[in-house]
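Participant: Pasted the sequence and its predicted model underneath.
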Amino acid sequence: GSRAGEEAARVNRMIARYAPVGRLVSLARLSSRGTAGPAARCANVGLPKLRTALRMPTTPSAGSRATFASAAAGGDSYSVLIYDYVGDILDKRGPHRAEHIGNAKKMAEDGKMVMAGAFSDPVDGGLFIFKNATKEEIDSYIQADPYVVHGLVTGWKVKPWTVVVP
């Protein structure tokens with residue numbers, strides 16, 4: 001319907017603005033919504049070459065490494081956390097922002113987070129890139145985040161991320 005068309009148009013605008021990393025981020029955000037399979041959603045936003053990018057497990061399989069996203073050949077592993085924010089996040093985040101950013105900086109100091117930040121124009125979500133973090137560490141981070149605790153995050157998705165070009 002029209003909602004799916006609006007979402008596809010929004011994703012296309014984001015892709016144009018934030019390429020090339022924006023493509024992966026937008027694709028990951030789109031994959032968390034709708035009823036069509038990942039390949040169909042990718043085709044709807046004009047990303048046929050990235051159809052296989054979403055064909056990875058969202059949780060580690062039995063016997064997988066301790067880190068959430070297993071690394072090839074013993075290298076580093078990465079996972080992305082994608083938040084969806086309430087519509088009036090800029091009005092509501094003030095009392096919680098310092099702790100939210102402080103928690104992210106602590107993860108970075110511990111070598112578990114590479115970078116993090118909010119999407120802009122519109123500010124409707126955030127992206128966190130974890131390095132060599134376990135599923136449990138990421139889940140604990142989410143549950144302790146004041147944006148989550150105080151209802152500023154309406155949803156989130158954690159996905160393993162295969163880094164091809166560092």
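Facilitator: Happy to help now that I have it. Everything numeric here is computed off the predicted structure, so don't read it as measured data.

Participant: from here on, contacts and neighbour counts on C-alpha atoms
Facilitator: Will do.

Participant: Extract the residue ranges of the chain that are flagged as low pLDDT.
Facilitator: 1-74 (pLDDT under 70).

Participant: Show the residue spans covered by the strands in the protein.
Facilitator: With DSSP state E as the criterion, the chain has strands at 78-85, 113-118, 125-131, 153-161.

Participant: Extract the CA atoms of the second one and return them as CSV.
Facilitator: Extracted as CSV, the C-alpha positions of strand 113-118 are listed here (Å, rounded to 0.1, in the frame of the first residue of the first chain):
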residue,chain,number,x,y,z
MET,A,113,32.1,0.0,20.2
VAL,A,114,33.6,1.5,17.1
MET,A,115,31.2,4.4,16.5
ALA,A,116,27.7,5.5,17.1
GLY,A,117,25.4,8.3,16.2
ALA,A,118,21.9,9.4,15.3
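
Participant: Mind listing residues that contact that strand?
Facilitator: Ala104, Met107, Ala108, Asp124, Gly125, Gly126, Leu127, Phe128, Ile129, Phe130, Lys131, Ala133 (Cα atoms under 8 Å, 6 or more residues apart in numbering).

Participant: Tell me which two of those residues sit farthest apart.
Facilitator: Asp124 and Ala133 (25.0 Å; Cα to Cα).
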